[in-house]
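**Q** next come a sequence and a model predicted from it.
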Amino acid sequence: MTTTSPISYQPFQARARLPWGALLALSSAGFLAIFTETMPAGLLPQLASGLGTSPAGAGQLVTLYAVGSLLAAIPLIFATRRMDRKKVLLCAVLGLVLFNTVTALAPWYPLVLLARFAAGAASALIWGVMSGYARSLVIESLQGRALTIAGLGQPIALALGVPLGAWAGSIVDWRWVFLGISVAALALFFWILVSLPPIAGRPETRKPSLGSVLRIRGVRMVLFVALFWVLAHNVLYTYIAPVLSPSGLNLDLGLLLFGVASFAGITITGLVIDRAMRVLILGYLSVMGIAGLVLAHPELGSLAAATAIILWGIGFGGAPVLLQTCLADRAGKNTDVAQSLFVTVFNLAVAGGGLAGGAVLALGGSSETQAWTVLVLMVITAATVVVAKRTFAPGRRTE
């Protein structure tokens, strides 16, 4: 069966079955992008000592990576829009190889920060390309599942990034940890080279403006939901230690439960995303709201908190895939530009969640207040999805 993918820009023989090797290569790219971002949080003492800075200064390695991703997403996607998607992805992965190597070998703290900023920019390019690439490999009825498989790396990296970084740092010097990531990225480069087909970029000379993409019906609504959903998650997740402490639930156990539940959430998403997307979104928002309600009552104890963490993980695990699928369905041939907006909104929400949660604590609020904030945000987000019924239904609606 020959189809023209809404995002492949030239006739492409999309498959009627899932190309697991290619999709897992994309998933690995997402894993490395997130792992590279979060891993330094598990190495703060070693980084501070090795770079001659404070733990807070070492924490800026995570901040600069996020800033690089935030600022680079839109201009890089626009600049590479006419290039072959495979070449763009290979260049982005080579960026991870190069900038992680520079981080490992750099003798000066400012150079390390610069390398982290550049690595964040490379990761933005990976996220901007990955969604459209995964969907273009298969026929329309399989596109949701294809994106789910390609998105598996994200929750795994979010769950394992910090503890794996801490474990690796306890065995070898932190510089070897970054070199190890470079080696893994180099191996991924060759995997992509042999497993992914070339997909042409957009051939037209006139590039769409951000305004024209934002005016596509439904795009702004999806981005609004993404902003509030990710904001709610990060209000809690950034400060998960003080949130869990009053209930008596061990932090490491809480993180483990969240990681496993996130994987379960994305697995559920893959099974039903192409048939019941809107129902799934509302279900996930509901269980996250329930989780916020339970965590707002730490007197219920550690078992209740553990249950809430599991619900929270299930509710958020599939969120990025669901939102990217909705966005691609709405944006059609402009998916790459829409995804650059998604990366920007996602990172703004991550930063905003951290700032909002920190402000609550700094102003004398409690972790229970943060949990109530999540519940309010979930109600607003769910109401938006209910009102915008057509936007969040499965299936492509633009040409």
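**A** In hand now; what should we look at?

**Q** quick check: Arg275 vs Gly289, distance?
**A** Distance, Arg275 to Gly289, by C-beta to C-beta, to the nearest Å: 24 Å. C-betas here are computed from N, CA, C, even on glycine.

**Q** more neighbours: which of those two?
**A** Neighbours were tallied for Arg275 and for Gly289 using other C-beta atoms under 10 Å; the higher tally belongs to Gly289 (22 against 12).

**Q** list the contacts for the more buried one?
**A** Gly289 is in contact with 374-375, 378-379, 382, counting by C-beta atoms under 8 Å, 6 or more residues apart in numbering.

**Q** greatest separation within those: which pair is it?
**A** Pairwise distances among the contacts of Gly289 were taken by C-beta to C-beta; the largest, 12.2 Å, belongs to Val374 and Ala382.

**Q** out of those two, which sits in the more crowded spot?
**A** Val374 (27 against 21).

**Q** quick one: the contacts of Gly289 as a markdown table, columns for secondary structure too.
**A** As requested, the contacts of Gly289 are exported to a markdown table (DSSP: H, G, I helix; E, B strand; the rest coil):
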| residue | secondary structure |
| --- | --- |
| Val374 | helix |
| Leu375 | helix |
| Met378 | helix |
| Val379 | helix |
| Ala382 | helix |
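
**Q** between those residues, which sits nearest Glu299?
**A** Nearest to Glu299, judged by C-beta to C-beta, of the contacts of Gly289 is Leu375 at 16.8 Å.

**Q** quick one: low-confidence parts of the protein?
**A** For the chain, the stretches with pLDDT under 70 are 1-14, 159, 202-208, 238, 361-367, 394-399.

**Q** buried sites along the helix or strand where Tyr284 lies?
**A** For Tyr284, the host element (DSSP states H and E) is helix 277-295. Going by neighbour count (16 or more other C-beta atoms under 10 Å), the buried part of helix 277-295 is 277-278, 280-281, 283-285, 287-295.

**Q** now the element after that helix, going C-ward?
**A** Later in the chain than helix 277-295, the nearest helix or strand by DSSP H and E is helix 302-317.

**Q** what sits up against that following helix?
**A** By C-beta under 8 Å, 6+ apart, helix 302-317 touches 155, 229, 233, 236, 244, 247-250, 253-254, 257-266, 268-269, 284-288, 290-292, 294-295, 297-298.

**Q** so how far is it off the chain centroid?
**A** Put simply, helix 302-317 sits 19 Å off its chain's centre (C-alpha atoms, centre = their mean, to the nearest Å).

**Q** tell me the angle that helix makes with helix 277-295.
**A** Using axes from the mean of the first three to the mean of the last three C-alpha atoms, to 10 degrees, the direction of helix 302-317 lies 150 degrees away from that of helix 277-295.

**Q** pull the CA atoms of helix 302-317 into PDB?
**A** The C-alpha trace of helix 302-317 is given here as PDB (Å, rounded to 0.1, in the frame of the first residue of the first chain):
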ATOM      1  CA  SER A 302       2.900   6.100  52.900                       C
ATOM      2  CA  LEU A 303       0.700   3.500  51.200                       C
ATOM      3  CA  ALA A 304      -1.700   6.100  50.000                       C
ATOM      4  CA  ALA A 305       1.300   8.200  48.800                       C
ATOM      5  CA  ALA A 306       2.700   5.200  46.900                       C
ATOM      6  CA  THR A 307      -0.600   4.700  45.200                       C
ATOM      7  CA  ALA A 308      -0.700   8.400  44.300                       C
ATOM      8  CA  ILE A 309       2.800   8.200  42.800                       C
ATOM      9  CA  ILE A 310       1.700   5.200  40.700                       C
ATOM     10  CA  LEU A 311      -1.300   7.000  39.400                       C
ATOM     11  CA  TRP A 312       0.800  10.100  38.700                       C
ATOM     12  CA  GLY A 313       3.300   8.000  36.700                       C
ATOM     13  CA  ILE A 314       0.600   6.300  34.700                       C
ATOM     14  CA  GLY A 315      -1.100   9.700  34.100                       C
ATOM     15  CA  PHE A 316       2.000  11.500  32.900                       C
ATOM     16  CA  GLY A 317       4.000   8.600  31.200                       C
END
